[in-house]
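**Student:** I would like the atomic coordinates for the input below:
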Amino acid sequence: MIPYVRQSTHHSHFQPQHRINDNSVEVLGRVYPRDDMSNVTAKILSMVGRELHNQSHHPLWLIKERIKDHFYRSYISRSGTPLFSVHDNLSPVVTVEQNFDSLLIPADHPSRKKGDNYYLNRTHMLRAHTSAHQKELVRAGLDCFLLAGDVYRRDEIDSSHYPVFHQMEGVRLFSNHELFAQVENGEDLSLFENGGRRTPQKQERHTLEAVKLVEFNLKRTLTHLIRHLFGEDLEIRWVECYFPFTHPSFEMEVRFQGDWLEVLGCGVMEQELVHSAGAENKIGWAFGLGLERLAMVLFGIPDIRLFWSQDERFLKQFHLSNIYDSVTFQTLSKFPPLFNNISFWLPDEGYTENDFYDLVRTIGGDLVEKVTLADQFTHPKTKKMSHCYQIVYRHMERTLTQEEVRVIHQAIEQAAERELGVQGRY
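**Tutor:** Numbers count the residues shown, from 1 in each chain. Model (predicted):
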């Protein structure tokens, strides 16, 4: 086992201490100096270390265990052990290099924006995807692995978006012999070619034969996985797409209750990434999926906030004696929503909607069900822009009073003026 990967099979619910002040951020026992990129909030830090995917009988844990069990049973090495190792306890604090550069994401790529990520400072951040660990695990000598973890992104507020969610991904690398062993005259074939060119079907370094075999193995592996989760008669289709770290790249869609639903992204790993990780003589595939998305579909969970609930009425529904027992979420009694609007003039520069959403989450927490930009207009004379947002408040476990909401709403109004430089129109 490599020294910095702890493969976990059980976890206590120990909640680590995190501290934030004007000069530094302390996360998981390490202190990071703050600078002009620091934007992580105390609310977000309070979720670091919860590791819902490692809490026994949590719905995200159930999905992870079903995926892990499928790979353990389906892919066995020649020595009789599981081919894929599983890593579900890597720290979510990563370097900016790990999160972006190691995946060949360009320096000017919009996904790096401060408005979309949680930065501790210029050099460290909360990972935005589990792919941030691909390079280090390949460099450690792993050819086949699954990786699960919590990821962090600043985003809109509604029933399917939350600033912390959970991903699981897989990587498989092949040597020349491993890929072509079952092919007639395979010893005459090669993974790589010189002087090739990049086409929609392949990268410049790869032979077409190698890419087609890797693509076939990838799609067959994922088809088996998703049918294992959803049922053998599931209708599946593949859509070509773009990711900076794979080519060719695909999204899998499944037909579920009459609609086509995107469930994962995947592709042939960029050879530059594989090469830089020290596996220059191998070719590989990678896939990534969201555990919440699968759990919401498979268990009928309507609101992503529920995954963070500590209400026993929610959690006890997933205490199954067997991870494959059928379970459909039984709705907690639906409490009435309360609607409040907030309007303000935007500052001349520096405002982003994600800044406002983050402020609302920090103050309103999980009492906020949804935030919608209801109206915007530009004053004809001053040319100042005005935004009006509708905030929907709803507690998951009891009825909220208008007085409770009024206190929170006023705190949001005051904080927006103080921290975002907006001018209230209340």
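**Student:** Burial check on Ser321, number of neighbours?
**Tutor:** Counted with other Cβ atoms under 10 Å, the neighbours of Ser321 add up to 5. In short, each C-beta sits where N, CA and C put it, glycine included.
**Student:** any idea how far Arg361 is from Thr81?
**Tutor:** Applying Cβ to Cβ, to the nearest Å, the value for Arg361 to Thr81 is 43 Å.
**Student:** okay, the two: which has more neighbours?
**Tutor:** Taking neighbours as other Cβ under 10 Å, Arg361 and Thr81 compare with Arg361 leading, 20 against 9.
**Student:** Correct me if wrong: the more buried one contacts Pro163.
**Tutor:** Yes: when contacts are counted by Cβ atoms under 8 Å, Arg361 is listed as touching Pro163 (6.3 Å).
**Student:** which non-adjacent residue is nearest His124?
**Tutor:** Spatial nearest neighbour of His124, excluding adjacent residues (Cβ to Cβ, 6 or more residues apart in numbering): Tyr32 at 5.4 Å.
**Student:** Just the residues contacting the one helix or strand that neighbour maps to, thanks.
**Tutor:** For Tyr32, the host element (DSSP states H and E) is strand 30-33. For strand 30-33, contacts defined as Cβ atoms under 8 Å, 6 or more residues apart in numbering pick out 23-26, 93, 120-121, 124.
**Student:** Would you show me how to pick out the buried ones of those in ChimeraX?
**Tutor:** Here is the ChimeraX selection string for the buried members of the contacts of strand 30-33, based on 16 or more other Cβ atoms under 10 Å:
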select :25,26,93,120,121,124
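**Student:** circling back: give me the neighbour count for the residue nearest to His124.
**Tutor:** 19.
**Student:** try the one 4 residues further on
**Tutor:** For Asp36, the number of neighbouring residues by other Cβ under 10 Å comes to 9.
**Student:** Could you tell me the phi and psi values at it?
**Tutor:** phi -70, psi -10 (degrees, to the nearest 10).
**Student:** same deal with Ser77?
**Tutor:** According to degrees, to the nearest 10, Ser77 has phi -80, psi 170.
**Student:** which residues does it contact?
**Tutor:** Counting by Cβ under 8 Å, 6+ apart, Ser77 has contacts Leu83.
**Student:** For Asp155, see how far away the residue nearest to His18 when sequence neighbours are not counted is.
**Tutor:** Nearest in space to His18, with sequence neighbours left out and distances taken as Cβ to Cβ, 6+ apart, is Leu45 at 4.0 Å. Applying Cβ to Cβ, the value for Leu45 to Asp155 is 17 Å.
**Student:** Settle it for me: which of those two has more neighbours?
**Tutor:** Neighbours around Leu45 and Asp155, counted as other Cβ under 10 Å, are more numerous at Leu45. The numbers are 21 against 16.
**Student:** circling back: OK, contacts around the residue nearest to His18?
**Tutor:** So Leu45 contacts 18, 20, 25, 27 (Cβ under 8 Å, 6+ apart).
**Student:** What of Asp325?
**Tutor:** So Asp325 contacts nothing (Cβ under 8 Å, 6+ apart).
**Student:** is it fair to say it lies in a strand?
**Tutor:** No: Asp325: not assigned to a strand; according to DSSP: H, G, I helix; E, B strand; the rest coil it is coil.
**Student:** Extract the C-alpha set from the longest helix seen in the chain and format it as PDB.
**Tutor:** Using DSSP state H, we find that the single longest helix of the chain is helix 208-230. Presented in PDB, the C-alpha positions along helix 208-230 are these (Å, rounded to 0.1, in the frame of the first residue of the first chain):
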ATOM      1  CA  LEU A 208      -6.200   3.900 -34.000                       C
ATOM      2  CA  GLU A 209      -6.200   0.200 -33.100                       C
ATOM      3  CA  ALA A 210      -5.200   0.900 -29.500                       C
ATOM      4  CA  VAL A 211      -7.700   3.700 -29.000                       C
ATOM      5  CA  LYS A 212     -10.600   1.600 -30.400                       C
ATOM      6  CA  LEU A 213      -9.800  -1.300 -28.000                       C
ATOM      7  CA  VAL A 214      -9.500   1.100 -25.000                       C
ATOM      8  CA  GLU A 215     -12.800   2.800 -26.000                       C
ATOM      9  CA  PHE A 216     -14.500  -0.600 -26.300                       C
ATOM     10  CA  ASN A 217     -13.200  -1.800 -22.900                       C
ATOM     11  CA  LEU A 218     -14.300   1.500 -21.300                       C
ATOM     12  CA  LYS A 219     -17.800   1.500 -22.700                       C
ATOM     13  CA  ARG A 220     -18.300  -2.200 -21.900                       C
ATOM     14  CA  THR A 221     -17.000  -1.700 -18.300                       C
ATOM     15  CA  LEU A 222     -19.400   1.300 -17.800                       C
ATOM     16  CA  THR A 223     -22.400  -0.400 -19.500                       C
ATOM     17  CA  HIS A 224     -22.000  -3.400 -17.100                       C
ATOM     18  CA  LEU A 225     -21.700  -1.000 -14.100                       C
ATOM     19  CA  ILE A 226     -24.700   1.100 -14.900                       C
ATOM     20  CA  ARG A 227     -26.900  -1.900 -15.700                       C
ATOM     21  CA  HIS A 228     -25.700  -3.500 -12.500                       C
ATOM     22  CA  LEU A 229     -27.100  -0.300 -10.700                       C
ATOM     23  CA  PHE A 230     -30.300   0.300 -12.700                       C
END
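**Student:** Would you indicate which residues of it are buried?
**Tutor:** In helix 208-230, counting by 16+ other Cβ under 10 Å, buried: 209-211, 213-215, 218-219, 221-222, 225-226, 228-230.
**Student:** Next one: the residue nearest to His18 from Arg19, what distance?
**Tutor:** Taking Cβ to Cβ as the measure, Leu45 falls 8 Å from Arg19.
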